[in-house]
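Enquirer: I would like to see how this sequence folds:
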Amino acid sequence: MNHSKAASFTEFEILGFSHLQEYKTPLIFGFLILFLITLTANLLILLLVALDHRLHTPMYFFLWNLSLLDILITIAIIPKLLAVLLEINKTISFAGCFFQMYFIIAVGASELFLVAAMAYDRYVAIVKPLQYNVIIDIKACIAIAAIVWLLGFLLPIVSITLASYLPFCASNKILHCFCDYSVVIALTCTDVTLHTNLALGLAIVVVFIPLLFVLWSYYRIVISVVRLKATASRMKAFSMCSSHLLVVLTYYMSTAFLYIGLQIEGISYNDRVFIGGLIYFLTPVVNPLIYSLRNEKMKEAAKKYFNVYALMLLCILKCLSLNAC
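Expert: Numbering: from 1, shown residues only. As a prediction, the model looks like this:
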């Protein structure tokens with residue numbers, strides 16, 4: 001992203017959790033552990049889905065994409081935050097700041113579109129089970145994933161590019177733990193009504209349209225399940241949706257809290273920064289836990305490959321010990 005030529009400085013300073021300096025050490029270890037858990041859990045899903053043929057289905061294909069997006073958003077935020085907390089490097093260039101801002105918004109948008117695509121997958125599986133393999137084939141999966149990624153990464157370009165040309169002459173201190181759009185444009189010394197309206201329009205497209213699609217999908221699913229006569233069939237249908245429904249609730253509850261809850265008076269600005277940042281960090285670690293803890297196929301795949309690799313490791317260690325003797 002090109003930065004504003006009207007700016008009187010060439011970089012921003014990310015303050016992070018400046019109001020929580022007395023808790024700096026726990027914060028550093030907490031975010032480091034969160035970073036490692038998130039990467040490990042999501043990389044494990046990527047590995048298991050790629051290796052196990054039983055997981056080569058549309059649902060796990062979309063889950064693979066979701067895990068990849070979770071890894072990307074984690075990498076986009078936490079390493080720089082750790083550098084800020086450790087006071088290694090609190091500054092970020094204009095181009096770097098706007099690229100981080102764009103990347104976080106693009107990945108977040110892609111995740112919300114993907115959650116909607118996963119709702120469509122569950123809708124077809126339950127409402128049109130006999131046509132499932134025809135409607136959701138490998139070509140359809142790739143096309144849906146391509147649309148999700150393209151929409152997510154194309155939609156924020158205009159608003160972020162325009163924002164990068166704003167004159168920043170008031171302050172270069174970002175009162176957040178990353179380059180958040182609303183916080184950064186608040187540092188300008190000009191009217192930002194157009195940019196605020198663009199951001200609102202983007203939020204409507206990215207948040208509310210996928211939400212309406214998810215609600216429509218589950219409305220059709222519930223109607224279809226209620227019509228089933230056998231209780232066992234109803235339970236099976238609902239269990240097919242349970243993991244995805246939990247992910248949907250996680251995303252939209254966190255998004256609603258981020259955009260609506262934090263506007264409530266009485267919450268201090270410092271608390272808004274902490275809560276807002278925490279929402280971005282927790283979602284990527286919750287998703288793999290939901291799918292790994294509630295999914296028997298994922299558990300079986302993990303057990304299978306852990307046993308294989310453990311056996312291989314034992315064989316290697318045994319060979320090394322024999323050679324040493």
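Enquirer: now the closest residue to Leu114 other than its chain neighbours: which helix or strand?
Expert: In space, not counting the residues next to it along the chain, Leu114 is nearest to Val148; the distance is 4.9 Å by Cβ to Cβ, 6 or more residues apart in numbering. (C-beta placed from N, C-alpha, C; glycine too.) Using DSSP states H and E, Val148 maps to helix 138-154.
Enquirer: buried sites along stretch 25-40?
Expert: Neighbour-count burial for stretch 25-40 flags 27, 31, 34-35, 38-39 (criterion: 16 or more other Cβ atoms under 10 Å).
Enquirer: mind checking the SS state of Asp191?
Expert: Three-state secondary structure (criterion: DSSP: H, G, I helix; E, B strand; the rest coil) places Asp191 in coil.
Enquirer: look at the residue nearest in space to the middle of the chain and report its pLDDT.
Expert: To find the centre residue of the chain, average its C-alpha atoms and take the closest one (Cα atoms, centre = their mean): that gives Asp70, at 4.2 Å. You'll see Asp70 listed with a pLDDT of 93.
Enquirer: tell me which element it falls in.
Expert: With elements delineated by DSSP H and E, Asp70 resides in helix 58-85, which encompasses its position.
Enquirer: buried residues in the next helix or strand after that helix?
Expert: Counting by DSSP H and E, the next helix or strand C-terminal to helix 58-85 is strand 91-93. Residues of strand 91-93 classed as buried by neighbour count (16+ other Cβ under 10 Å): 91-92.
Enquirer: what packs against the helix or strand following strand 91-93?
Expert: For strand 91-93, the succeeding helix or strand toward the C-terminus, using DSSP H and E, is helix 94-127. Secondary-structure packing of helix 94-127 (3 or more Cβ pairs under 8 Å, 6 or more residues apart in numbering; DSSP states H and E): strand 11-14, helix 58-85, helix 132-135, helix 138-154, helix 157-163, helix 181-185, helix 209-226, helix 231-259.
Enquirer: please redo it, this time with the cut-off set to 6 Å
Expert: Taking 3 or more Cβ pairs under 6 Å, 6 or more residues apart in numbering; DSSP states H and E as the contact definition, the neighbouring helices and strands of helix 94-127 are helix 58-85, helix 132-135, helix 138-154, helix 209-226, helix 231-259.
Enquirer: got the angle for it vs helix 138-154?
Expert: 150 degrees (axes from the mean of the first three to the mean of the last three Cα atoms, to 10 degrees).
Enquirer: quick check, pLDDT for Val286.
Expert: So Val286 comes in at 83 (pLDDT).
Enquirer: just give the closest residue to it, not the sequence neighbours.
Expert: Once its chain neighbours are removed from consideration, Val286 has its nearest residue in Thr250; the separation is 5.4 Å (Cβ to Cβ, 6+ apart).
Enquirer: any idea how far Phe9 is from the one you found?
Expert: In this structure, Thr250 lies at 38 Å from Phe9, with Cβ to Cβ, to the nearest Å as the measure.
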